[in-house]
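*Asks:* I would like to see how this sequence folds:
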Amino acid sequence: TSMRGSIELLKESWEEMNTEERDSFLDIIAAETSRMERLTNRLLKLTRLEATGAVAGETCDIVPLAAGIVHTYRERGHDIHFSHSVDKAIVPLSRELAETLLINLIENAAKHGGAPIRVGVSKGPCLSVTDAGEGISEANQRRIFERFFTTARDSGGTGLGLPMVKAIVDAHGGQLELSSQPGCT
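*Replies:* Residues are numbered from 1 along each chain as shown. Next up is the predicted model:
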């Protein structure tokens, strides 16, 4: 809608607009185009994963992967910490899917939770992502893994990150648990 409105305004009022006004509408179109591209790519990934399931034989050690991702987020200014009680944690996932899973969980904690974010790897292997947010309402807990459900649409949320996490975990025979209480999600 914002793209269509911007295009219509540009068509109707191009001559009367100054460069700054034109650039503002073009920036809106560019931002919305990027958002739509991200949404389309996420939908394609999710659909492909649900259709094909796990790829046999691919594995990844999530300890160094998680450490690297946490380091990147820390460099970007996030209050995020990593701990591990095992030196190696091999999971039956490709590196790309493990990275997608972890980034989606961290992004969700960063957007909806509170600092600090804690990423942990323990025996099992078990991956955990926690934050110090105010918690998730019971109503939202029931819907959090549904496609397109988001409480952050205004800030660019697509409602595909956590459904993608669930699809990855389900396709690879893993288990996903959500625990939420005030001050600990």
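
*Asks:* where exactly do the helices run in the protein?
*Replies:* Using DSSP state H, the helices of the chain run over 2-13, 19-52, 62-75, 95-112, 138-143, 161-171.

*Asks:* Would you single out the least confident of the ones you listed?
*Replies:* Among these, helix 19-52 carries the lowest mean pLDDT, at a mean of 80.

*Asks:* Now do it: distance to the chain's middle.
*Replies:* 15 Å (C-alpha atoms, centre = their mean, to the nearest Å).

*Asks:* That one packs against which elements?
*Replies:* Packing contacts for helix 19-52, counted by 3 or more C-beta pairs under 8 Å, 6 or more residues apart in numbering; DSSP states H and E, involve helix 2-13, helix 161-171. Quick note: C-beta positions are derived from backbone N, CA and C, even for glycine.

*Asks:* circling back: wait, which of the helices of the chain is closest to Arg153?
*Replies:* Closest approach to Arg153 among these (C-beta to C-beta): helix 19-52, 10.4 Å.

*Asks:* okay, which residue is most central for this protein?
*Replies:* With distances taken as C-alpha atoms, centre = their mean, Asn104 lies nearest the centre of the chain, 2.7 Å away.

*Asks:* I'd guessed that one sits against Ala167; true?
*Replies:* No: using C-beta atoms under 8 Å, Asn104 is not in contact with Ala167; the gap is 10.5 Å.

*Asks:* Quick check: neighbours shared by those two?
*Replies:* Common neighbours of Asn104 and Ala167 (criterion: C-beta atoms under 8 Å, 6 or more residues apart in numbering): none identified.

*Asks:* Pull out the buried residues from stretch 23-33.
*Replies:* Across stretch 23-33, burial judged by 16 or more other C-beta atoms under 10 Å covers 25, 28-29, 32.

*Asks:* what's the answer for stretch 89-104, then?
*Replies:* 89, 91-94, 97-104.

*Asks:* looking at the helices and strands packed on helix 19-52, which is buried most?
*Replies:* Comparing the helices and strands packed on helix 19-52 by mean neighbour count (mean count of other C-beta atoms under 10 Å), helix 161-171 comes out on top with a mean of 21.

*Asks:* In terms of secondary structure, what does it contact?
*Replies:* Counting by 3+ C-beta pairs under 8 Å, 6+ apart, helix 161-171 packs on helix 19-52, helix 95-112.

*Asks:* centre of the chain versus it, how much separation?
*Replies:* Centre-to-centre, helix 161-171 and its host chain are 11 Å apart (C-alpha atoms, centre = their mean).

*Asks:* With stretch 96-103 instead?
*Replies:* 9 Å.

*Asks:* what does it contact?
*Replies:* 45, 49, 60, 62, 65-66, 69, 91, 93, 119, 127, 129, 164-165, 168-169, 172.
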